[in-house]
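Novice: Next comes the sequence, and after it the predicted model I'd like to discuss.
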Amino acid sequence: MSEPTPAASSSAAPETPDYDALTRDIAEVPAVEVIVTVAVNLMSAAAVKLGLTEEGDAHKDLDEARKLIHALAGLLDGSATEISSFHAAPLRDGLKSLQLAFREASLVPDEPGQGPGEKYTGAIYG
């Protein structure tokens, strides 16, 4: 009796994503939901980079946090007229909290109006 060859034992192709189904799924999602989801992901990533998670400073990287906060502020500024205040208000509150946490975590604070995202939100004092 012969042993199966390695090629024969791994003949099953890896499963590929069903791109048609994924396209249909994304087509059914309202734009507001996509915008809010992206904003929440940016907020979560920024919180991690600010060291605000259970792991604390393990993933702290203020340069990365600055980029994420700036991107979040730009997204919220650009989509302000497209999403209702029901969605926008908590996102703006979260953004402000991240901006204040960034200012607090910085050894050398930015001048007012020069912090991450402040070009979109105005100066954050804290």
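Specialist: Good, I have the coordinates.
Novice: Give me the helices and strands touching the host helix or strand of residue 75, please.
Specialist: Element membership for residue 75, per DSSP states H and E: helix 62-79. Contacts defined by 3 or more C-beta pairs under 8 Å, 6 or more residues apart in numbering; DSSP states H and E place helix 62-79 against helix 31-49, helix 85-105, helix 118-121. Any C-beta I mention is one placed from the backbone N, CA and C, and that applies to glycine too.
Novice: now those in JSON lines, with distance to residue 78?
Specialist: Formatted as JSON lines, the helices and strands packed on helix 62-79 follow (distance: least, C-beta to C-beta, whole Å):
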{"stretch": "helix 31-49", "distance to residue 78": "9"}
{"stretch": "helix 85-105", "distance to residue 78": "12"}
{"stretch": "helix 118-121", "distance to residue 78": "9"}
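Novice: what ranges of the protein fall below the confidence cut-off?
Specialist: 1-14 (pLDDT under 70).
Novice: Work out which residue lies at the spatial centre of it.
Specialist: residue 42 (1.6 Å; C-alpha atoms, centre = their mean).
Novice: And the contacts of the helix holding residue 75?
Specialist: Helix 62-79 is contacted from outside by 35, 38-39, 42-43, 45-46, 49-50, 88, 91-92, 95, 98-99, 102, 105-106, 116-121, using C-beta atoms under 8 Å, 6 or more residues apart in numbering.
Novice: for stretch 106-113, same thing?
Specialist: By C-beta under 8 Å, 6+ apart, the residues outside stretch 106-113 that reach it are 62, 103, 115-116, 118-119, 122-125.
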